[in-house]
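> Here's a sequence, model it:
(2 chains)
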Protein chains: 2
Amino acid sequence: ALKLWGGKLILKSKLDAYDGRGNEVITDKSQIAGAIERFSGGGVYAEKIVDFQKELAVMSAKDIEGNISSYPVVETVHKRNICVEVYAPADISPAIAHSARETASRVVKELEGAGVYGVEMFLDKEENVFINEIAPRVHNSGHFTMDMCEPSQFKQHILAVTGQKLETPVMRAPFCCMVNILGERDGPVEMKGVEEAEKIPGVSVYIYGKKPTKIDRKMGHINAIGDTMETAKNKAMQARKLISI
Amino acid sequence: ALKLWGGKLILKSKLDAYDGRGNEVITDKSQIAGAIERFSGGGVYAEKIVDFQKELAVMSAKDIEGNISSYPVVETVHKRNICVEVYAPADISPAIAHSARETASRVVKELEGAGVYGVEMFLDKEENVFINEIAPRVHNSGHFTMDMCEPSQFKQHILAVTGQKLETPVMRAPFCCMVNILGERDGPVEMKGVEEAEKIPGVSVYIYGKKPTKIDRKMGHINAIGDTMETAKNKAMQARKLISI
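Numbers count the residues shown, from 1 in each chain, chains lettered A, B, ... in the order given. So this is what the prediction gives:
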């Protein structure tokens, strides 16, 4: 595969991969044994590197009868392999949005179990949609649903796993920007600025109560809704600056 | 106004305008009196010509309490001032779609009465949305709802005018292409090809029963649904070729 794809591929663990863990870019075959050694032992995939223009995600819920209900397609932005921002909905054409939702539905139909699945995708420069990773659970890229949609991904998940009918999501706001609050140092939690941030209209702050804080640990997130994505983004960034942990 | 806008404007009748009737492009002030003479007498607007990239439309329903429910934004294509094709949804960004729906809602809120309103708009090259014309009724650019949405614009209109609650439209198909069947000659109706056209999967044909046929008279329309707009368009065009009236 390394030869076939021009000397570069990504090796992925089939299990226990998240936030970039369980993924390694391979450019020389000498790296392969070490990568597999570091993975959890459940087998690996070798995948061609996708030169993507955007990363997308779709949260799809499946009830115990196999009915599927998906949320709008979002754009996710990652830094250091960690999701840092989510824009809902993604700024893509109706055709790409449909393709992403269809792809997510098709995949989720094939999986066992009921509940919410986070389907992460790449949109390449030729506007093809590729599956990147599937999280069989409520997901960071679905936190926007807490303020933008009724029901949220959490309520939808509970409906699904308790054998109830899924609800068709209704939009409570046209745009939402979600920003993760990542730890910026290692040490005890010292929460500041949350109340002030929540005074910004349309801003909600969720703190997970994790202790201690660590560099890049997901400590909470901010959802900012708005009538334009620009407004939502600005509010989310303004709120993020006010908060320190 | 003619001087202010560089020697060109469009004069529109406030009442009884449709299919280009009640609209005249004015390039010399000598044309003005004649145009007003031909209009229905309810007064005129002078409007700047919009150099549009696309024509959009939103069907918005209002119930007797003033609640509004809108359908997805569509693109309309006109020839000889008559709507010939509608693409649902329009291939526009979520931001433009939101702006168009908001504009339609704002306008419909200001109008008296309940029911469905067809709000026709221009999208200019700087991506601004302008109102073009408002039809206070079910509308040609909303015929796609008969096959793509539940409820259709007709059911929604009946709910609105009989004092019932509006339904939130659910999409039955991701894409729909509506093609008008315009008369191609003046004379008695000789309907051919309808049954054959309806054999194409996803194609529905609606014939209005008008007699006689006349050049450019709206005799019926075709709705073709599909998993992509390309599929829907191809089916609609294929169906149109089979039909003669």
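> My guess is residue A:242 contacts residue A:197. True?
Yes. Assessed by Cβ atoms under 8 Å, residue A:242 is found in contact with residue A:197 at 4.4 Å. Any C-beta I mention is one placed from the backbone N, CA and C, and that applies to glycine too.
> Pull up the residues of chain A that are close to chain B.
Proximity of chain A to chain B, by Cβ under 8 Å from any Cβ of the partner chain, involves residues A:89-95, A:98, A:102, A:168, A:170, A:174-175, A:227-229.
> Which ones among these lie within strands?
A:170, A:175 (DSSP state E).
> Pull the most distant pair out of the residues of chain A next to chain B.
Spanning the widest gap among the residues of chain A next to chain B are A:102 and A:227, at 28.8 Å by Cβ to Cβ.
> can you map out the strands along chain A?
For chain A, applying DSSP E gives strands covering A:9-13, A:23-26, A:44-47, A:52-62, A:68-70, A:74-79, A:82-88, A:115-124, A:129-135, A:149-150, A:170-171, A:175-182, A:203-207, A:218-226.
> for the ones you listed, which one ends up most surrounded?
strand A:175-182 (a mean of 25; mean count of other Cβ atoms under 10 Å in any protein chain shown).
> That strand - which strands sit beside it in the sheet, and in what orientation?
strand A:82-88 (antiparallel), strand A:218-226 (antiparallel) (DSSP bridges).
> so which of these gets nearest residue A:40?
strand A:82-88 (19.1 Å).
> show me what contacts the most centrally placed residue in chain A?
For chain A, residue A:141 is the residue whose C-alpha lies nearest the centre (Cα atoms, centre = their mean; 2.8 Å). By Cβ atoms under 8 Å, 6 or more residues apart in numbering or on different chains, the contact list for residue A:141 reads A:57, A:59, A:74, A:76, A:83, A:86, A:118, A:120.
> In contact with the closest residue to residue A:240 other than its chain neighbours, which residues?
Leaving aside its sequence neighbours, residue A:240 sits nearest to residue A:179 (Cβ to Cβ, 6 or more residues apart in numbering or on different chains; 5.1 Å). Residues in contact with residue A:179 (Cβ under 8 Å, 6+ apart) are A:84-85, A:221-222, A:224, A:236-237, A:239-240.
> Likewise for residue A:224?
A:176-179, A:200, A:202-204, A:232-233, A:235-236, A:239.
> That one and residue A:152: what is the separation?
16 Å (Cβ to Cβ, to the nearest Å).
> neighbours of residue A:48, just the number please.
Residues near residue A:48, counting by other Cβ atoms under 10 Å in any protein chain shown, number 13.
> my guess is it contacts residue A:7, does it?
No. The criterion here is Cβ under 8 Å, and residue A:48 misses it with residue A:7 at 11.6 Å.
> shaky segments in chain A?
In the predicted model, chain A carries no residue with pLDDT under 70.
> redo that, cut-off 90
Filtered on pLDDT under 90, chain A yields the residue ranges A:14-23, A:35-43, A:80-83.
> mind exporting the biggest helix by length in it as CSV, just the C-alpha atoms?
Taking DSSP state H as the criterion, chain A has its longest helix at helix A:94-110. Extracted C-alpha coordinates of helix A:94-110, given in CSV (Å, rounded to 0.1, in the frame of the first residue of the first chain):
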residue,chain,number,x,y,z
PRO,A,94,-27.1,21.2,-1.0
ALA,A,95,-25.6,18.4,-3.2
ILE,A,96,-22.6,17.9,-0.9
ALA,A,97,-24.8,18.1,2.2
HIS,A,98,-27.1,15.4,0.8
SER,A,99,-24.2,13.2,-0.2
ALA,A,100,-22.7,13.5,3.4
ARG,A,101,-26.0,12.7,5.1
GLU,A,102,-26.6,9.7,2.7
THR,A,103,-23.1,8.4,3.3
ALA,A,104,-23.6,8.6,7.1
SER,A,105,-27.0,6.9,6.9
ARG,A,106,-25.7,4.1,4.7
VAL,A,107,-22.8,3.5,7.2
VAL,A,108,-25.0,3.7,10.3
LYS,A,109,-27.5,1.3,8.8
GLU,A,110,-24.7,-1.3,8.5
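> Which positions in that helix come out as buried?
A:94-105, A:107-108 (16 or more other Cβ atoms under 10 Å in any protein chain shown).
> Repeat that for stretch A:156-165.
A:156-157, A:159-160.
> so which of the residues you listed would you say is closest to residue A:12?
residue A:157 (24.9 Å).
> residues touching the closest residue to that closest one other than its chain neighbours, list them.
The shortest distance from residue A:157 to any non-neighbouring residue, by Cβ to Cβ, 6+ apart, is to residue A:116 (4.3 Å). By Cβ under 8 Å, 6+ apart, the contact set of residue A:116 is A:59-61, A:137-139, A:142, A:153, A:156-157, A:160.
> For those residues, give me TSV that also has distance to residue B:1.
Below are these laid out as TSV (distance: Cβ to Cβ, whole Å):
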residue	distance to residue B:1
A:59	51
A:60	54
A:61	55
A:137	61
A:138	57
A:139	56
A:142	52
A:153	53
A:156	54
A:157	59
A:160	60
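> Was I right to think residue A:161 contacts residue A:114?
Yes. Residue A:161 lies in contact with residue A:114 (Cβ under 8 Å); the separation is 5.6 Å.
> Please name the residues that touch residue A:206.
So, once contact is read as Cβ under 8 Å, 6+ apart, residue A:206 ends up touching A:143, A:146, A:220-223.
> make that residue A:192, sorry
Residue A:192 touches A:243-245, counting by Cβ under 8 Å, 6+ apart.
> one more time with 10 Å
Contacts for residue A:192 were tallied using Cβ atoms under 10 Å, 6 or more residues apart in numbering or on different chains; they are A:242-245.
> Please apply the same query to residue A:171.
Here residue A:171 is in contact with A:71-72, A:88-89, A:145, A:148-150, A:225 (Cβ under 10 Å, 6+ apart).
> Give me the spatial nearest neighbour of residue A:70, chain neighbours excluded.
residue A:60 (4.4 Å).
> One more: residue A:105?
Nearest to residue A:105 is residue A:68, by Cβ to Cβ, 6+ apart, at 5.0 Å.
> which of the contacts of residue A:206 sit farthest apart?
Going by Cβ to Cβ, the pair spanning these furthest: A:146 and A:220, at 12.0 Å.
> Would you mind measuring from residue A:89 to residue B:107?
On the measure of Cβ to Cβ, residue A:89 and residue B:107 end up 24 Å apart.
> which one of the buried residues of stretch A:156-165 is nearest chain B?
For these, the residue nearest chain B by Cβ to the nearest Cβ is residue A:156; the value is 16.6 Å.
> The closest residue to that closest one other than its chain neighbours bridge partners, please.
By the measure of Cβ to Cβ, 6+ apart, the closest residue to residue A:156 outside its immediate chain neighbours is residue A:61, 4.5 Å from it. Taking DSSP bridges as the rule, residue A:61 bridges to residue A:69, residue A:116.
> hmm, back to that, which among the contacts of residue A:141 gets closest to chain B?
Once Cβ to the nearest Cβ is applied, the member of those that ends up nearest chain B is residue A:74, at 10.8 Å.
> Sweet, I'm off.
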